[in-house]
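S.K.: 3D, please:
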Amino acid sequence: MGSPSAFRNIGIFAHIDAGKTTVTERILYFTGKTHRMGDVDYGTAVMDWMPQERERGITIVSAATTCFWKETMINIIDTPGHVDFTAEVERSLRVLDGGVAVFCAVGGVEPQTETVWRQATRYKVPSLAFVNKMDRQGADFSGVLQMMRDMLGVTPLPVSLPIGSGQSFRGIVDVIRGKALYLDQESPDDDIREEEIPEEMAAEAEAALERLREATADLSEEAMELYFSGGLDPDRLVSLIRKGTLERRFVPVLCGAALRNIGIRRLLDAIVNWLPAPEELPPVSGSGDGPKERARSSEAPFTALVFKIQTDPHLGRLAYLRVYSGSASDGQAVLNNRTGKKERLMRLVRMHADKREHLDRVAAGDIAAAGLKDAATGDTLTATGSPIVLESIEFAEPVMQMAIEPVGAKDDKLLEEALAEMTSEDPSLRVGVDRDTGQNLIMGMGELHLEIVVDRLKREKKLQVLTGKPQVSYREGVSRVGRGEGSFERLIAGRGNYGHAVVQVEPAPAGLEVLCAPPGLPASFAEAARTGIRGSVGAGPLAGFPVDGVRITVVEARIHETDSTDLGYASAAAEALREALKDGMPVIREPVMSLDVITPADYLGEVLGDINSRRGQVDAIDQRGDTRNIRARVPLAELFGYSSTIRSLTQGRAGFSMQFLNYTDTPPNVQRDILTRMGILSR
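M.R.: Numbers count the residues shown, from 1 in each chain. A predicted model of the protein is given here:
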C-alpha cells in the first residue's frame, strides 16, 4: 500500500470534566473551522449544541464535524463523558478508525476513561493520549503515565513533556525534534515560540527520546538495525511511531492545557502523523450468504453502517452513516440488509454539530447523514446486488425506570409518538408498561438520563408530562436448580395440537441462555420451544420482573405421531418454564454500581462509613497525594440522592462517579422489603 490517504476518522473521548469538549473546540479554531473559541463554562461550545448540554456544561449526545489540518481531512466525533450516556460512546467507537483519549492531569485515569478505553480496545481502535489541564494545581504528568500502565495495561510513550506544572506550566518539550515550545501570548495569532530545551529538563528529554527509540526499534529487524547504527532520525522515528500506534503496541502521549491553547497544534500533527487512514485498517467482516469480508476501498460495492438516528428540525429523521466501501450518490437506492427492502439515500449531508452541508456523493471513509425512513441503529446498508451484514452494536440494558404520563388525556397519542421517536434515536432508552398500574414507563441508564428525556419532551415536543420517582429496574433469577414439566393438547379448527417439554433452570452469572436440543426432537419443534421460552421471560413468578441470570435447558420432549405442532411445543415449553422457575426458588436481582469517590483524606472515615451503611463493599482505596480514591460496589437502590450526601459529608470537596457493574441476588431482608412495598407480602 502506498502512502495513506489524507483522511482521518477520529473520536475524542474522556471522563466527564477532563476537558474533552474544550480540546475539540480548540481543534476547530486552529483548523479554521470556527472563528471564535467556544467555551463550555459560558455555554458557547459549538459541539455542545443542545440547550441541555449548554445549561449543564456536559456533553449528552455525540456530535460530528469535519475540519482540515495540513491538507488532511479530519472527521471528528466528540463523545459524552457521563456514564449515563455511554451508549453514545459505544456506537461512536464502533465506526471510528482512531481515537484521542483526553486525561485530566490531576485526576489521571478516571472511571469513565477506563470504561471507554476498554470499549476502544474491544473495537481495536488505535489511540493517542492527551494529558490536559497541566496548568491545574496538582497536575502530575508522570503520575498519569503510571496510572495508564497500571490501570489500562498499555505502554505510554511521551512524545511531549510539560515545562512546569500548575501555575508554573508555560510550555511543552517536543521530544522528537528536541525543542521547547512556548505559546507567545503577545502575538495576535497565538504563535508558537520555539527555543532550546531548558537546561534543567535536558536529561529528562533525552531519556524520553531514548525510550521512543527503544520502543520503535522493537517493531522490526530493520528498525533494530537503524537503532544500533544511529539511523533513527526524527523522520524515521515519526514513521515508526505510526507503525507501532496502528499495531497498538504502544500509545503516544502528548500534553498541554487546552483552555490556554497549549499543545493543540502538536495534537493535530499527531492525529495526521499517527492515526490511521481508512484504507490502512483490515477489511470489514460480516455475515450473510455472500462474501464475509469487504475491502475498505471505493472500488468495492457500497457498504455502510447506520450508527445513530437523530431527528433534525429542518431535515426530519436522519440516519448517521459510516461508509466502509464503495460510493453512493444522493437519491440512490440501497439495500437495508435487516429489512431486506430498498430505500433511497435522500438529503445526503455532512454534519457540523447541528449545522449541515449538502453532499452529492459519499464514498469509502466518509461519515455522513441521510434521510432514511425505516433504518435503525446497527443496520447495514449495501449496494442492492451485494448484501453483507456487518456486526451490529450492543447496548447495555437499562437499570432505572420512571412512570410517565401526559397532563392532558388527549396527549396520550402524542406522548407515545414522541417516545417512539426518542427510542429510535437512543437505543439505551426503553419504553414499557407497568403490569400492575398500566402506567407508561421509561427506562434508562440513570437519573440524569431520564431527567434529560423528560426535559426534551417538554422543550422539543412541547408536551407537559407528570412523572413518578425514578425506580430501580429489578430482575428475577433462581437460587438453585429447578425443573418443570409442561404439556399441551388441544383441538383447534378440527386439528389436534400436541406438545410436551421438561425444562431445567439453574443460576447463571448474567443474561439468559436458552438451550434446546433434546434427543429426537425435530429442529422446527426445538425452535418453537425456544420461541415459547423467550416469550415467557418478560415476567418472573415472584414479582413480575424480567428474568435474568438464568440458564434454561429443555432436557426432555415427547413427540406425538400425528399431532405434534409448533404451537404445541411453544406452549408446553412456556408452561414448563413457569413451573421450573417456581421450583428454582426465585430471587429478586438488583443492579449493582461501581462507585468511585475521590475525597480529601480528612473525610475518608465519614465517606467509608456512609458507603458501608448503603450495603456497599469497598474494593480498594488508592492514595493520590492528599486525596483518596475509593473504589466500591454499591446497590443502585442505595445511591439515590448520593450527590447531596457526599457534598454534605465533605463540605463539597469530594467528587464521585458511578457506572453499572452487574446484577446480583438481593439479600433475603431486602427482597422481603421489596415484595412488601409492592403489596405481594403483608407487613
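S.K.: worst-scoring helix or strand of the chain, pLDDT-wise?
M.R.: Counting by mean pLDDT, DSSP states H and E, the weakest-scoring helix or strand in the chain turns out to be helix 51-56, with a mean of 45.
S.K.: show me the beta-bridge partners of Gly496.
M.R.: Gly496 has these beta-bridge partners by DSSP bridges: Leu491.
S.K.: quick check, it in contact with Glu489.
M.R.: Yes. Applying Cβ atoms under 8 Å, one finds Gly496 in contact with Glu489, separated by 7.4 Å. Where C-beta positions appear, they are placed from N, C-alpha and C, glycine not excepted.
S.K.: what do the two both touch?
M.R.: Asp563 (Cβ atoms under 8 Å, 6 or more residues apart in numbering).
S.K.: can you report how many residues lie near Val431?
M.R.: 16 (other Cβ atoms under 10 Å).
S.K.: ignore what I typed, I meant Glu222.
M.R.: Neighbour count of Glu222, defined by other Cβ under 10 Å: 12.
S.K.: which residues does it contact?
M.R.: Applying Cβ under 8 Å, 6+ apart to Glu222 gives no contacts.
S.K.: CA atoms of the helix or strand where it lies as PDB?
M.R.: Glu222 is part of helix 221-229, with elements assigned from DSSP states H and E. The C-alpha coordinates for helix 221-229 follow below in PDB (Å, rounded to 0.1, in the frame of the first residue of the first chain):
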ATOM      1  CA  GLU A 221      14.600  -6.100  12.400                       C
ATOM      2  CA  GLU A 222      15.100  -3.100  10.100                       C
ATOM      3  CA  ALA A 223      14.200  -0.700  12.900                       C
ATOM      4  CA  MET A 224      16.500  -2.500  15.300                       C
ATOM      5  CA  GLU A 225      19.400  -2.200  12.800                       C
ATOM      6  CA  LEU A 226      18.700   1.500  12.400                       C
ATOM      7  CA  TYR A 227      18.700   1.900  16.200                       C
ATOM      8  CA  PHE A 228      22.100   0.300  16.600                       C
ATOM      9  CA  SER A 229      23.600   2.200  13.700                       C
END
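S.K.: and the next helix or strand past that helix?
M.R.: Next in sequence after helix 221-229, counting helices and strands by DSSP H and E, comes helix 234-246.
S.K.: packing partners of that following helix?
M.R.: Packing partners of helix 234-246 (3 or more Cβ pairs under 8 Å, 6 or more residues apart in numbering; DSSP states H and E): helix 202-217, strand 251-255, helix 264-274.
S.K.: out of these, which is the most enclosed?
M.R.: Of all the helices and strands packed on helix 234-246, strand 251-255 has the most neighbours on average by mean count of other Cβ atoms under 10 Å, namely a mean of 25.
S.K.: contacts for it, please.
M.R.: Counting by Cβ under 8 Å, 6+ apart, 105, 127-132, 134, 141, 145, 148, 154-162, 172, 241, 245, 263, 266-267, 270, 274 sit against strand 251-255.
S.K.: switch the cut-off to 7 Å
M.R.: With Cβ atoms under 7 Å, 6 or more residues apart in numbering as the test, strand 251-255 has contacts from 127-131, 134, 141, 145, 154-160, 162, 172, 241, 245, 263, 266-267, 270, 274.
S.K.: tell me the strands beside that strand, with direction?
M.R.: For strand 251-255, pairing defined by DSSP bridges yields strand 127-132 (parallel), strand 156-158 (parallel).
S.K.: just those strands: most buried one?
M.R.: Burial of the strands paired with strand 251-255 is given as mean neighbour count (mean count of other Cβ under 10 Å); strand 127-132 ranks first at a mean of 27.
S.K.: with just CA atoms, put that one into CSV.
M.R.: Extracted in CSV, the C-alpha atoms of strand 127-132 (Å, rounded to 0.1, in the frame of the first residue of the first chain):
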residue,chain,number,x,y,z
SER,A,127,-5.4,5.7,20.1
LEU,A,128,-3.4,8.7,21.2
ALA,A,129,-3.4,10.2,24.7
PHE,A,130,-3.6,13.9,25.5
VAL,A,131,-2.9,14.8,29.1
ASN,A,132,-4.9,18.0,29.6
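S.K.: name the single longest helix found in this structure.
M.R.: Determined from DSSP state H, the single longest helix within the chain is helix 566-583.
S.K.: distance between that helix and the chain's centre?
M.R.: What separates the centre of helix 566-583 from the centre of its chain is 36 Å, taken as Cα atoms, centre = their mean, to the nearest Å.
S.K.: using CSV, list the CA coordinates for that helix.
M.R.: Only the C-alpha atoms of helix 566-583 are listed here, as CSV (Å, rounded to 0.1, in the frame of the first residue of the first chain):
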residue,chain,number,x,y,z
ASP,A,566,-45.0,-25.7,16.7
LEU,A,567,-47.9,-24.1,18.7
GLY,A,568,-47.9,-27.2,21.0
TYR,A,569,-44.2,-27.1,21.8
ALA,A,570,-44.1,-23.3,22.2
SER,A,571,-47.0,-23.5,24.7
ALA,A,572,-45.6,-26.6,26.5
ALA,A,573,-42.2,-25.1,26.9
ALA,A,574,-43.6,-21.8,28.3
GLU,A,575,-45.7,-23.8,30.9
ALA,A,576,-42.7,-25.9,31.8
LEU,A,577,-40.5,-22.8,32.3
ARG,A,578,-43.0,-21.2,34.6
GLU,A,579,-43.0,-24.4,36.8
ALA,A,580,-39.2,-24.6,36.7
LEU,A,581,-38.8,-21.0,37.8
LYS,A,582,-41.1,-21.6,40.8
ASP,A,583,-39.2,-24.8,41.6
